[in-house]
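Asker: Next comes the sequence, and after it the predicted model I'd like to discuss.
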Amino acid sequence: MASIAIPRHVAYERPAILDWLTTVDHKKLGILYLYVTMFFFAVGGVLALLVRTQLAVADNNFVSNHTYNQIFTMHASAMLFLFIIPVWAGFGNYMVPLQIGANDMAFPRINAMSFWLVPPAGLIMFGGFLVDGGSAAAGWTAYSPLAKTLGTGMDMWIIAVLLIGISSTVGAANFLVTMFRMRAPGMTMFRMPIFCWTMLVTSFLQLLATPVLAAGLVMLFIDRNFGGSFFDPNGGGNVILWQNVFWFYSHPAVYIMILPGMGIVSEILPVFARKPLFGYKAFVFATMGIGGLGFSVWAHHMFTTGAVLKPFFGFMTALIGIPTGVKIFNWLGTLWRGSISFTSPMLFALGFVSMFLIGGINGTFSAAVPVDFAIHDTYFVVAHIHYVLFGGSVFAVFGGLYYWFPKIWGRKLNEKLGVLHFTLMIIGFNLTFFPMHLLGLDGMPRRIATYSSANDWDLLNSIATVGAFLIAVSMIPFIVNCVMTFMKPKDQPNDPWEGNTLEWATASPPPVHNFDELPEIHSERPLFDLRHGAPASHQAPR
Amino acid sequence: MRLAGKRRPVIRTFALVLIALLGLLTVNVAFAQSGQSGGITQEAHDIHRLYLFVLGLALAVFLLVESGLVYAIIKFRRKNDELPAQTHGSNVIEMIWTGIPMVIVASIFIFTFITLQRIEHKSTPENLTVEVTGFQFQWQFTYNLNDLGKGSDLADKRQVTVIGTQAEEPTLVIPIDEPVEFKLVSNDVIHSFYVRDFLYKLDVVPGRDNRFTITARELGDFTGQCAELCGLNHALMRFKVHVVQRAEFDKWVAEKAAGAKTARQP
Amino acid sequence: MAVHAAVHKQNEGMSNGMLGFILFIASEVMFFGGLFAAYFIARADAPSWPPEEMLSPEKIASGVKLELELALPAVATVVLVSSSFVIQWGVIQIRKGNRSGLIWALFITLIMGLTFLSMQMYDYSQLPFRASDTIYGTTFFTLTGFHGAHVAGGAIFIFVCLARSLGGQFSAEHHEAIEACSMYWHFVDVVWIALFTTLYIVG
Ligand code: HEA
Ligand code: HEA
Ligand code: CUA
Ligand SMILES: [Cu+2]
């Protein structure tokens, strides 16, 4: 609360570093989240480059099989558990309180705890590389019994993921209370910015799904260290149990990884098309629909185990295409008859729509169960993963960074470099991952350290590798851009983009207490109403 | 920078890049059709048909949405500072684009269901059964001489086994035009029995009796490989598949059974 | 404005802290849900329960038996369940503003909780099987163990509340922590009832 916060920051000056280490301010924590997660994106990316180098040509031995299993496992673990999942907590931390006109999260100290669980988790997970036997190497899915046969690195992985789990469960409760209880006067649930809505549904998924993963990890730990038999048929256990528990969490988790991204896109498109989001309510219900259905499709990862009810899970899986489609179409509806300007955030948002679409559609191939018999555990799935997680989530992350950079850091990123970043990235991205569809259809299994030149998979793999390095190159203009921009003075007005939502109603960057005063809220676009008089809702559409 | 005039060049490069990109994608997607081979078994043909069906729908949806997107990007780019009409949505339209996908989903599901019925039939006792054992990091194929199918005259209790070695990948020999059942066994970790040209894989799960049946429709040599991460040499768990006429098959088994050192792997 | 709004909102109805705590318990429910799921799947798979046939001869020789003894856990159950009523009585007292009533209630609940734990420890030491003896032992010790940990956590929570009330805190108006504490204790209690029924009575 301002009345508490002000003395903290004005009464006496503390060394900046101490201030950052002990802060409970949602904005500072948000920034910390962003720095840490982007760092792990870089780490995961570098691991990915190693993977691509190894796979560039047939029968390669750039790294040993042993190393290979570690690097692709850690690549995925870093990207998912240390980058994508916490990065949304970062954006959420900074933006949710601002967007609902609150002065902080509901539980600032718990919020700080949620953040401070992440770096140690990262250290423990990567510490695996130092112990003998190496890091976890059973894939990010840690299938048992394989996971039981690995060394200490696997236990460290389990503990790290548990810490992340606690962080995101507690964080979720925090977001929920914040959004349920601390909205500014006049902001009804259906006037909340879409980004908040997506964070709300995401938080529900985290709150209810993550503890189940925790239970699973505990079982795995007991099996590994205390002679348990959960996943050991010789002791009456069930090998498939792990997969059921893991996917019961991890499918909802994939929506945890995309929904906030969809929220960010739904913030950016209306601003730069200068129209309200088409079908706000439909979008909200679609989000809930995805969240709900998300709990009933987990076994689509297990069609080839022969242990699941295939038609049911196939149907539920295909069904998720419907609410997601509603979103895609609403985004098109938002652009339609708009007045679109191609700023960097907008480019990434448009990139999201076009690329996530592909990832979604190739997910539907797997929903047709017999087709999944063919493509399961092939590079077709790897293509799917990256079209949704990179073409989707990562593009949204960059869109969000370009969009909110002026608000968070008071400076605007250079547009030309932004355009260059986007262009290189989307081309590199498609070069890398499109060929993987064809490799998968041609039968190249995933998670193989090398492949025989007998199957002519060389060409497509080489293309993918080139693409991967192009993505890395595309990061250079971005990093240069950030450095250059940080050297400029803070010159941004409250609302450089003509935004719609409350975060643009305060200074850039906002004061510790966020708002000196709030505009009246009559719609989901209070700032638009402020600029153009009558609330959009009362305005007769021409 | 909000002035349209200044941004034109960028816009143009953009429109171009995007169009080029989508062009490239569509081309690729189109030839993705040749990505999946038709397969060599009865069941594979059914699966491939379903695949083509889904691919057709997928391409339709893809082209529809992407072209709409590109059109909007080019047509509705900012030309002046005038505020466009603030349309908030339309329930009718929402209904339409909820309804049409429902039809698509329904059709996919029905086709999926039918195909499942067709490919997941149980094997009958007189069929040949091959016991496939996956272990870190090789395959073993065991033919029980009593259930060689087609009333084979080898009334011998022994089994014929083929085990892979570092030096030589194991070869799975099966007869053409008759149902062959595979019984999958593992005692260490999960493997997955995957033959590209079957368009099919089934996990080899410790403690589970997983079986499936196929009918080969093409003679020749094909390759298979473990498709579930199973540790260090997962990538090297490869094997060959050799589809032969029944006569040649019986001959091969006989030689193997006779333990003839010369038993050539055809 | 926003600030006042926030403060204002917090005061009406349930407090943020309480809502957050309820959400936390919801996640706890999911956690135990996961463990229970594992137990029931194992049972569904097992040809017989307890799965004696899974025991190796040498283990049987070494006296391992997959059987539970009911008397002591039954007593422990009575203790834990009744402690739930005691703490609830305490809550009612503090609502009336009677702090000494609360103190007594918390004190007795704490003792009962600790009694339960010590009984469980003793029971563990007497059992003829370990966590490493088939899925039966694994699920038994995992489920009861994690429940025990939660009882211990609850006991600490109660101890803190007790200390604070001895320090003169809590009143008819302000006793959130007590409400939360008793809610948590009831939760732990309910979980145990579920455990006792499945593991001992049905088991
Ligand atoms: C951001 C993460 C994310 C997202 C959003 C999704 C979204 C979807 N995923 Fe994906 N998935 C993953 C991440 C994600 N996935 C990961 C990481 C794996 C691999 C895990 C591993 O390592 O094994 C995986 C694996 C995976 C599998 C298992 C594949 C296998 O191993 O064999 C399946 C199977 O059904 C699947 C399906 C789907 C479906 C149907 C959707 C749907 O939500 C997509 C819906 C969207 C659309 C369909 C497009 C838009 C819709 C329209 C334009 C309407 C019209 C279209 C139709 C009606 C079809 N995914
Ligand atoms: C958010 C999720 C995410 C992201 C962003 C990525 C990004 C990439 N992924 Fe990955 N990937 C997964 C999630 C993700 N991946 C998952 C879940 C799996 C499954 C794993 C499993 O099977 O268990 C997988 C598996 C996977 C495989 C299959 C491995 C196998 O099955 O054997 C491959 C192979 O090419 C691959 C490649 C890549 C590449 C080239 C990128 C590139 O896009 C990376 C681009 C990023 C960079 C190049 C980094 C840029 C930064 C720098 C260069 C440093 C600059 C310095 C600073 C900023 C300080 N990934
Ligand atoms: Cu065996 Cu992979
Ligand atoms: Cu899934």
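Answerer: Arrived safely, thanks for sending. Ligands and ions are numbered 1, 2, ... in the order given.
Asker: Counting neighbours, what do you get for residue 126?
Answerer: By default, I'm working from chain A. Residue A:126: 21 surrounding residues under other C-beta atoms under 10 Å in any protein chain shown. (Glycine included, C-beta is placed from N, CA and C.)
Asker: my bad, the chain I had in mind was chain C
Answerer: 9.
Asker: Name the nearest residue to it, ignoring sequence neighbours.
Answerer: Excluding its sequence neighbours, the residue lying closest to residue C:126 (C-beta to C-beta, 6 or more residues apart in numbering or on different chains) is residue C:69, at 7.0 Å.
Asker: For residue A:278, see how far away the one you found is.
Answerer: Distance check for residue C:69 against residue A:278: by C-beta to C-beta, to the nearest Å, it reads 66 Å.
Asker: if you count what's nearby, which of the two comes out ahead?
Answerer: residue A:278 (26 against 12).
Asker: any idea which element that one lies in?
Answerer: Here residue A:278 sits in a region with no helix or strand, counting by DSSP states H and E.
Asker: same thing with residue A:450?
Answerer: Here residue A:450 is assigned to no helix or strand, by DSSP H and E.
Asker: Check residue B:184 too.
Answerer: Here residue B:184 is assigned to strand B:179-186, by DSSP H and E.
Asker: For the helix or strand that that strand is followed by, the averaged confidence score.
Answerer: Downstream of strand B:179-186, the first helix or strand assigned by DSSP H and E is strand B:191-195. Average pLDDT, strand B:191-195: 97.
Asker: helix/strand/coil for the spatially closest residue to residue A:280 that is not a sequence neighbour?
Answerer: For residue A:280, ignoring the flanking residues on the chain, the nearest one in space by C-beta to C-beta, 6+ apart is residue A:524 at 5.9 Å. At residue A:524, secondary structure determined by DSSP: H, G, I helix; E, B strand; the rest coil is coil.
Asker: Please spell out which residues along the one helix or strand residue A:421 maps to are buried.
Answerer: According to DSSP H and E, residue A:421 maps onto helix A:415-441. Across helix A:415-441, burial judged by 16 or more other C-beta atoms under 10 Å in any protein chain shown covers A:415, A:417-441.
Asker: Repeat that for stretch A:23-41.
Answerer: For stretch A:23-41, burial by neighbour count (16+ other C-beta under 10 Å) applies to A:23-34, A:36-38, A:40-41.
Asker: Equivalent analysis for stretch A:459-474, please.
Answerer: A:460-465, A:467-472, A:474.
Asker: Inside helices: which ones of the buried residues of stretch A:23-41?
Answerer: Counted as lying in helices by DSSP state H, out of the buried residues of stretch A:23-41, are A:26-34, A:36-38, A:40-41.
Asker: Would you mind putting those residues into JSON lines with distance to residue A:261 and pLDDT alongside?
Answerer: Shown next, in JSON lines, are those (distance: C-beta to C-beta, whole Å; pLDDT from 0 to 100):
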{"residue": "A:26", "distance to residue A:261": "20", "pLDDT": "96"}
{"residue": "A:27", "distance to residue A:261": "21", "pLDDT": "95"}
{"residue": "A:28", "distance to residue A:261": "23", "pLDDT": "95"}
{"residue": "A:29", "distance to residue A:261": "20", "pLDDT": "96"}
{"residue": "A:30", "distance to residue A:261": "16", "pLDDT": "96"}
{"residue": "A:31", "distance to residue A:261": "19", "pLDDT": "96"}
{"residue": "A:32", "distance to residue A:261": "20", "pLDDT": "97"}
{"residue": "A:33", "distance to residue A:261": "15", "pLDDT": "97"}
{"residue": "A:34", "distance to residue A:261": "14", "pLDDT": "97"}
{"residue": "A:36", "distance to residue A:261": "18", "pLDDT": "97"}
{"residue": "A:37", "distance to residue A:261": "13", "pLDDT": "97"}
{"residue": "A:38", "distance to residue A:261": "15", "pLDDT": "97"}
{"residue": "A:40", "distance to residue A:261": "17", "pLDDT": "97"}
{"residue": "A:41", "distance to residue A:261": "14", "pLDDT": "97"}
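Asker: Now for those residues: which two are most distant?
Answerer: Farthest apart among those by C-beta to C-beta are A:26 and A:41. That separation is 21.9 Å.
Asker: Tell me where the longest helix sits in chain B.
Answerer: Criterion DSSP H: the longest helix present in chain B is helix B:42-75.
Asker: now for that one, which elements pack on it?
Answerer: Helix B:42-75 is packed against helix A:321-335, helix A:344-367, helix A:369-375, helix B:4-32, helix B:91-119, strand B:200-204, strand B:210-215, with contacts defined by 3 or more C-beta pairs under 8 Å, 6 or more residues apart in numbering or on different chains; DSSP states H and E.
Asker: orientation of the fifth one relative to helix B:42-75 in degrees?
Answerer: Going back to what we said before, that points to helix B:91-119. 160 degrees (axes from the mean of the first three to the mean of the last three C-alpha atoms, to 10 degrees).
Asker: same question, the second one
Answerer: Orientation check (the same axes, to 10 degrees): helix A:344-367 against helix B:42-75 gives 160 degrees.
Asker: Wait, a strand at residue B:174?
Answerer: Yes - counting by three-state DSSP, residue B:174 is part of a strand.
Asker: now it: how far from ligand 3?
Answerer: 21 Å (C-beta to the nearest ligand atom, to the nearest Å).
Asker: Check residue C:168 too.
Answerer: 66 Å.
Asker: Can you give me the pLDDT of that residue?
Answerer: On the pLDDT scale, residue C:168 gets 89.
Asker: show me what contacts the residue nearest to it when sequence neighbours are not counted?
Answerer: Once flanking residues are discounted, residue C:168 sits nearest to residue C:99: 7.8 Å by C-beta to C-beta, 6+ apart. By C-beta atoms under 8 Å, 6 or more residues apart in numbering or on different chains, the residues touching residue C:99 are C:93, C:165, C:168, C:170-171.
Asker: try residue B:212
Answerer: Per C-beta under 8 Å, 6+ apart, neighbours of residue B:212: A:306, B:120, B:181-182, B:200, B:202.
Asker: Where does residue A:250 fall, secondary structure wise?
Answerer: Going by DSSP H and E, residue A:250 is in helix A:239-273.
Asker: now for whichever helix or strand comes after that helix, which elements pack on it?
Answerer: Once the chain leaves helix A:239-273, the next helix or strand it forms, by DSSP H and E, is helix A:280-293. Judged by 3+ C-beta pairs under 8 Å, 6+ apart, the packing partners of helix A:280-293 are helix A:194-225, helix A:239-273, helix A:321-335.
Asker: residues in chain A within reach of ligand 1, list them.
Answerer: Residues of chain A lying close to ligand 1 (C-beta under 6 Å from any ligand atom) are A:141, A:254, A:257-258, A:300-301, A:317, A:320-321, A:324-325, A:328, A:357, A:360-361, A:363-364, A:366-367, A:372, A:376-377, A:381, A:384-385, A:388-389, A:392-393.
Asker: pull the longest helix from chain C.
Answerer: Chain C, longest helix under DSSP H: helix C:134-166.
Asker: quick one: is that helix near chain A?
Answerer: Yes - residues of helix C:134-166 contacting chain A under C-beta under 8 Å from any C-beta of the partner chain: C:134-139, C:142, C:146.
Asker: okay, the strand holding residue B:184 in CSV with CA atoms only?
Answerer: In CSV, the C-alpha atoms belonging to strand B:179-186 read as follows (Å, rounded to 0.1, in the frame of the first residue of the first chain):
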residue,chain,number,x,y,z
PRO,B,179,-1.9,-61.4,-40.6
VAL,B,180,1.1,-61.4,-38.4
GLU,B,181,0.8,-60.7,-34.6
PHE,B,182,3.5,-59.0,-32.7
LYS,B,183,3.8,-59.6,-28.9
LEU,B,184,5.9,-56.9,-27.3
VAL,B,185,8.0,-57.7,-24.3
SER,B,186,10.4,-55.6,-22.2
